[in-house]
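> model the following, please.
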Amino acid sequence: MTALFPIPQTAAITMTLPQFVTVPATPARRYYAVIPENCASDAVPLVVVHGISRNAPELALRFGELAALHGIPVIAPLFERGSFGRYQQVRDPDGALHCDDALFDILADAAVRFGMHGAQCNLFGFSGGAQFAHRFAMLHPHKVRHCIAAAAGWYTMPDCCLPWPLGLQDAPGPIDHTALAHVRFDVLVGSLDRRQDKALRRSDAIDAVQGVHRLQRARRWDRAMRKAGFSCSLTIIPGLSHAFGDAVQLGLVPLVLHQLGTRRAKPEEPET
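Model prediction:
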């Protein structure tokens, strides 16, 4: 398997192992944190959001190792199924705990506990985590500097005529389009991510608007975001289906950190 992006040698990196933290006096606010020794107080934290496997410690470990090179603190929230339900929608319509409120509390706790910047974050999510990430950024653009959504199953389209979470109509909070225009969005997806597996959300409405597999949906969302005037780019990773471990082997982590350091947009790929 040939890496898309160079994977630096990290043997010489002194990495602090992920710490598991519970926010005091709040229900179910738990997260993993990797705070490098060279972390500056104004470093923008990278929040990495798990998929439905809830592999938060793996994300903290994978990203924490390389982020330590740049002095970037990594925060990996744990949205446990019993407390947060359909966390991918940010606010579960069945009344589970609000994930956006939980993330606010987590970032506030980390700012006090570790002395880090807490006003804004960079946000990465894979699969279900990518669904949460881009929806959180749409609801709270003032809190997000840069959002990287990798292999989301489906998206919230920038369309006020489509009902939430397919579109922005009746969203669970006001949409500040001016603030949203300042958020950088990058979409990552594998060139082989075309399988209609049981984890892929399907409905006539979603399929009609977004397509029938993750690659097609990523392309359509990227196009819709740019057409709506938002800052977005699409990267298709050759030879990747829908597996986080394979994505890591192909250089996902250095690719994400590279994208966080550049504002360069990429041309759109033709639809297949």
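
> the helices in the stretch 51-200 of the chain, which residues?
For the stretch 51-200 of the chain, the helices defined by DSSP state H, counting those that start in this stretch occupy 56-67, 81-84, 99-114, 128-139, 177-180.

> which strands or helices does the second one pack on?
This means helix 81-84. With contacts defined as 3 or more C-beta pairs under 8 Å, 6 or more residues apart in numbering; DSSP states H and E, helix 81-84 has no helix or strand neighbours. Placement of C-beta: from N, CA and C, glycine included.

> ok so, going back, which of the helices of the stretch 51-200 of the chain has the highest mean neighbour count?
Comparing these by mean neighbour count (mean count of other C-beta atoms under 10 Å), helix 128-139 comes out on top with a mean of 26.

> quick one on the thing from earlier: tell me which of the helices of the stretch 51-200 of the chain approaches residue 253 most closely.
For the helices of the stretch 51-200 of the chain, proximity to residue 253 was assessed by C-beta to C-beta; helix 56-67 is nearest, at 5.1 Å.

> run through who's touching that closest one.
Contact with helix 56-67 is made by 8, 10, 13, 15-18, 20, 31-34, 36, 46, 48-50, 73-78, 124, 126, 129, 244, 248, 253-254, 256-257, as judged by C-beta atoms under 8 Å, 6 or more residues apart in numbering.

> and for stretch 85-95?
Counting by C-beta under 8 Å, 6+ apart, 52, 79, 84, 96-100, 128-129, 131-132, 135-136, 139, 153, 165, 172 sit against stretch 85-95.

> again with stretch 151-171
Under C-beta under 8 Å, 6+ apart, the answer for stretch 151-171 is 88-89, 125-128, 130-131, 134-135, 138-139, 149, 172, 175, 187-190, 193, 199-201, 205-206, 209-210, 214, 217-218, 221, 224-225, 228, 230, 242, 247.

> rewinding a little: could you list which of the contacts of helix 56-67 belong to helices?
129, 244, 248, 253, 254, 256, 257 (DSSP state H).

> number of nearby residues for the last one?
Meaning residue 257. Using other C-beta atoms under 10 Å, residue 257 has 21 neighbouring residues.
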